[in-house]
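**Student:** only the shape, not the letters, is given here:
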């Protein structure tokens, strides 16, 4: 598939914002004091709004985006379109209540539950597509959830290091962020191994009805590219894919883990501050690969241009 950068930035920002807000809600539910909580909530809500704005950038007619909610009975995209504003409303309400010193405990569980539903809707947009084998698996949902929680915790540590570095909470969160990142790494690796070993259900033989085992495609039947050649294949080389994969493993997982361990061992806040910006670059690479490595069956015909 050929991923639009707006979709990549939307899903990664949204996941990190969800992870941040869910982490804050969990800490509040366990009665743990959080320094500068209104500021953290404001940042999380702002990220949600920015991610929502990014989702409009790849639309040909953004003014018609509201129509996406009409098919909520059958479409996971429509459900996401409905659930996301609800989640933003809950986050905004929590921010206002916390800033004005009002009771907020009642809003925490609804926010966590709506966030889980939002992760489900976002992941199922892709996991429900049975003809794309790389996506049609529980790993899609697990990876969206695991990466969201991990990036949210790392973001929280980076923000606390900037805003309230002397808080003991910053050090207490390090083992949780390290553990969440390791879990996300394990599941992403398992997903990569599965996708690498997938045997496609469709082939040139099944597409053409010709049973010759040495069938080779020479032409796609037209002399120039079209929508199908642009939107359903990334067009990058195998070397480029290896570079992006190295960036994903290095910046999304390895470097944040090293920085968090160094911060925990040395109590140096600069390592914590750097952890999320570096991880976010890796998240962009991870999400690009998620889309790019999905093999659409139509590429059996359209991928080759003579």
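**Tutor:** Perfect, I can see it now. Fair warning: this is a prediction, and the values are worked out from it, not measured in the lab.
**Student:** shaky segments in this protein?
**Tutor:** Using pLDDT under 70 as the threshold, the predicted model of the chain has low-confidence ranges 1, 218-225, 303-306.
**Student:** one more pass at 80, please.
**Tutor:** Along the chain, segments meeting pLDDT under 80 span 1-3, 56-68, 165-166, 200-209, 215-235, 296-306.
**Student:** quick check: longest helix of it.
**Tutor:** Secondary structure of the chain per DSSP state H: the longest helix is helix 168-196.
**Student:** flag every buried residue along that helix.
**Tutor:** Using 16 or more other CB atoms under 10 Å as the burial criterion, the residues of helix 168-196 that qualify are 170, 173-174, 176-178, 180-181, 183-185, 187-188, 191-192, 195. For glycine as for every other residue, the C-beta is placed from the backbone atoms N, C-alpha and C.
**Student:** C-terminal to that helix, what's the next element?
**Tutor:** Toward the C-terminus, helix 168-196 is succeeded by helix 204-208 as the next helix or strand (DSSP states H and E).
**Student:** follow-up on the earlier one: how far does the longest helix of the chain sit from its chain's centre?
**Tutor:** Distance of helix 168-196 from the chain centroid (CA atoms, centre = their mean, to the nearest Å) equals 14 Å.
**Student:** and it, what does it pack against?
**Tutor:** Identification of packing neighbours for helix 168-196 by 3 or more CB pairs under 8 Å, 6 or more residues apart in numbering; DSSP states H and E yields helix 138-163, helix 255-266, helix 269-292.
**Student:** which of the residues in the second one are buried?
**Tutor:** Looking back up the chat, that one is helix 255-266. For helix 255-266, by 16+ other CB under 10 Å, it's 255, 256, 257, 259, 260, 262, 263, 264.
**Student:** now for the fifth one: which residues touch it?
**Tutor:** Spelled out, it's residue 260. Under the criterion of CB atoms under 8 Å, 6 or more residues apart in numbering, the contact list for residue 260 reads 154, 157, 174, 177, 178, 181, 271, 272, 275.
**Student:** now do it against residue 165, distance only.
**Tutor:** According to CB to CB, to the nearest Å, residue 260 stands 15 Å off from residue 165.
**Student:** hang on, the earlier thing: and of the buried residues of helix 255-266, the nearest to residue 114?
**Tutor:** residue 256 (27.0 Å; CB to CB).
**Student:** return the distance of the spatially closest residue to that closest one that is not a sequence neighbour relative to residue 108.
**Tutor:** Nearest residue to residue 256 in three dimensions, chain neighbours excluded: residue 279, at 4.3 Å (CB to CB, 6 or more residues apart in numbering). Shown here: residue 279 relative to residue 108, a distance of 26 Å by CB to CB.
**Student:** now swap in residue 8 and tell me
**Tutor:** Residue 8 sits at a distance of 30 Å from residue 108 (criterion: CB to CB).
**Student:** and if you look at residue 147?
**Tutor:** In this structure, residue 147 and residue 108 are separated by 23 Å, where distance is defined by CB to CB.
**Student:** contacts only, for the most far-flung residue of the chain relative to its centre.
**Tutor:** For the chain, the C-alpha lying farthest from the average C-alpha position belongs to residue 212; by CA atoms, centre = their mean, that distance is 41.4 Å. For residue 212, the set of contacting residues under the criterion of CB under 8 Å, 6+ apart consists of residue 205.
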